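[1] Here is the input, now give the coordinates:
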Amino acid sequence: MNIKLTRRDLIKKINLLKPLDKNVPIAIYGSGIFAQDLKDALDESGYDFRFFVNKDNFLKKLKISNSLKISEKIFLNYKEKIQLVIGVHNREVPISKLIKKFKKNIHIDIFYPQDIFHLVEEKMGWRYWLSSKDYLLKRENFTKFSKALSLLSDNLSRERLCSIYKYRLGLMNIYSNFMDKEKQYFNKISIPKRKNIIYCDIGAFDGDTISSALKNLFLREIYAFEPVSESFKSLIKKFKTENIRYNFLPLGVSNQYKKTSFSNSDLSSESARIEETGNDFINTISLDESFNIDFNFIKIDVEGFEKDVLLGAKKTIMRAKPVIAMSLYHNPYDLWELPILIKKILPEYKLYVRQHYFNTFDCVLYCIPR
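    Modelled structure (predicted):
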């Protein structure tokens, strides 16, 4: 793969892509929350929405008029000109696999979420890594992306970052099928050779990653932070019988101690998130303020606030030089901001990128001390 990208070439290729046409009816593939929110946003923007498309068992759960939904089987033979906008935005199934069957129908023009998000971004708000192509190709952002690319320590990581970037620009749709074979977080890149590891899990959820750490690392102690009360209860219950020293705190982690607005529509949700318009409040603390511990391994997955975690952990990182495995997909700018920041904090880190689920979800930045 050619990993040399130029902004001019990317803009030329994007200008050749077909735009969404207000004069042609729209169908949305999917029937979940993202698809329904997308329908509302397109309606408000003046587009001609006709119906949702999905398998029958999914459409049955969608409590709307039957005239607004159509099964995959029927839609495969649709005879009128129509635009199919993909209303699926998650890690579970590659989009290109979902829609392969529709490409044979000459009446259907297909658009991925990243192809049309600029039209509805203001109405839909944060949706993980989705952003306008103009934002990704803004001169200062492209410059930072190029810098981040140069900071990575192997060609495979550079290929990953370039592929992710091109996919999100709508220039490499087939990449939705890809994910790395390595285990997420604990693999040949990240597992330290030493024993007696002090492990820290920031954004521990219900302890799923801690369970994996116990299987893959020689642990001496576990420290974990989880602000969602239901998840924290599950975390305590799961490990109370483990014969290992652990310290779990019902707190979020940020760059300082503060009370923070928090959005959590589902008490057990993996996507609970710090944001100004949240429906709840949590207390956060910085890692530097919490434990004076020389961690050997830190995992960070905090739904888009990884940068704040790093800013509040500078002293710990500089002193302990831990392996860090950090989510790189929650915000569009994470692709460049996080590699640049971690190198600024500790220049000796070697940086690697791997992607562990489909549609560029669950890409992880591995920071390995020399």
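
[2] What are the buried residues along stretch 361-370?
    For stretch 361-370, a neighbour-count test (16 or more other C-beta atoms under 10 Å) marks 361-368 as buried. C-beta: built from backbone N, CA, C; applies to glycine.

[3] Quick check: the two most widely separated of those?
    Phe361 and Ile368 (22.5 Å; C-beta to C-beta).

[4] circling back: so which of the buried residues of stretch 361-370 are in strands?
    363-368 (DSSP state E).

[5] Quick check, central residue of the chain?
    Nearest to the geometric centre of the chain sits Tyr329, at 3.2 Å (C-alpha atoms, centre = their mean).

[6] From Ile33, how far off is it?
    19 Å (C-beta to C-beta, to the nearest Å).

[7] Tell me which other helices or strands the host helix or strand of Phe145 touches.
    Phe145 is part of helix 139-151 when elements are defined by DSSP states H and E. Applying 3 or more C-beta pairs under 8 Å, 6 or more residues apart in numbering; DSSP states H and E, we find helix 139-151 packed against helix 133-136, helix 155-168, helix 334-345.

[8] Quick check: next helix or strand after the lowest-mean-pLDDT helix or strand in the chain?
    Ranking every helix and strand in the chain by mean pLDDT, DSSP states H and E puts strand 273-274 at the bottom, with a mean of 60. The first helix or strand that comes after strand 273-274 along the chain, using DSSP H and E, is strand 280-285.

[9] which regions of this protein sit below the pLDDT cut-off?
    Residue ranges of the chain with pLDDT under 70: 1-2, 261-279.

[10] most remote residue from it's center?
    Lys79 (36.6 Å).

[11] Determine the number of other residues adjacent to the residue nearest to that one when sequence neighbours are not counted.
    In this structure, Lys79 finds its nearest non-sequential neighbour in His107, 6.2 Å apart by C-beta to C-beta, 6 or more residues apart in numbering. His107: 12 surrounding residues under other C-beta atoms under 10 Å.

[12] my read: His107 touches Asn77, true?
    No: using C-beta atoms under 8 Å, His107 makes no contact with Asn77, being 9.4 Å away.

[13] Now do the residue lying closest to Phe205 once chain neighbours are set aside against Glu242, distance only.
    When the adjacent residues along the chain are set aside, Phe205 lies closest to Ser231, with 5.3 Å between them (C-beta to C-beta, 6+ apart). Using C-beta to C-beta, Ser231 is found at 17 Å from Glu242.

[14] just Leu235 next, same as before
    Here Leu235 is placed at a distance of 11 Å from Glu242 (C-beta to C-beta).

[15] of these two, who's got more company?
    Taking other C-beta under 10 Å, Leu235 and Glu242 do not tie; Leu235 has more neighbours (24 against 14).

[16] SS state for that one?
    helix (DSSP: H, G, I helix; E, B strand; the rest coil).

[17] could you check the distance from the residue nearest to it when sequence neighbours are not counted over to Met124?
    Nearest-residue entry for Leu235: Gly207, 4.6 Å, with adjacent residues in sequence omitted and distances by C-beta to C-beta, 6+ apart. Counting by C-beta to C-beta, the gap from Gly207 to Met124 is 32 Å.

[18] more neighbours, these two?
    Gly207 (25 against 18).

[19] my guess is that one contacts Lys238, does it?
    Yes: Gly207 is in contact with Lys238 according to C-beta under 8 Å; the separation is 4.6 Å.

[20] What count of nearby residues applies to Lys258?
    Neighbours around Lys258, by other C-beta under 10 Å: 12.

[21] any chance you could map the helices in the stretch 151-300 of the chain?
    Along the stretch 151-300 of the chain, counting by DSSP state H, counting those that start in this stretch, helices occupy 155-168, 208-216, 229-239, 287-290.

[22] so can I have CSV of those helices showing distance to Glu140?
    Formatted as CSV, the helices of the stretch 151-300 of the chain follow (distance: least, C-beta to C-beta, whole Å):
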stretch, distance to Glu140
helix 155-168, 15
helix 208-216, 34
helix 229-239, 37
helix 287-290, 29
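
[23] and the helices and strands packed on helix 139-151 as JSON lines, adding distance to Leu214 and mean neighbour count?
    Output for these, formatted as JSON lines (distance: least, C-beta to C-beta, whole Å; neighbours: other C-beta atoms under 10 Å):
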{"stretch": "helix 133-136", "distance to Leu214": "38", "mean neighbour count": "16"}
{"stretch": "helix 155-168", "distance to Leu214": "27", "mean neighbour count": "20"}
{"stretch": "helix 334-345", "distance to Leu214": "26", "mean neighbour count": "20"}
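
[24] so what's Met124 up against?
    Counting by C-beta atoms under 8 Å, 6 or more residues apart in numbering, Met124 makes contact with 37-38, 41, 117.

[25] taking those residues one by one, which sit in helices?
    Mapping the contacts of Met124 onto helices (DSSP state H) picks out 37-38, 41, 117.

[26] for those residues, which one is nearest Glu226?
    Using C-beta to C-beta, the ones in helices among the contacts of Met124 come closest to Glu226 at Asp37, 27.2 Å.
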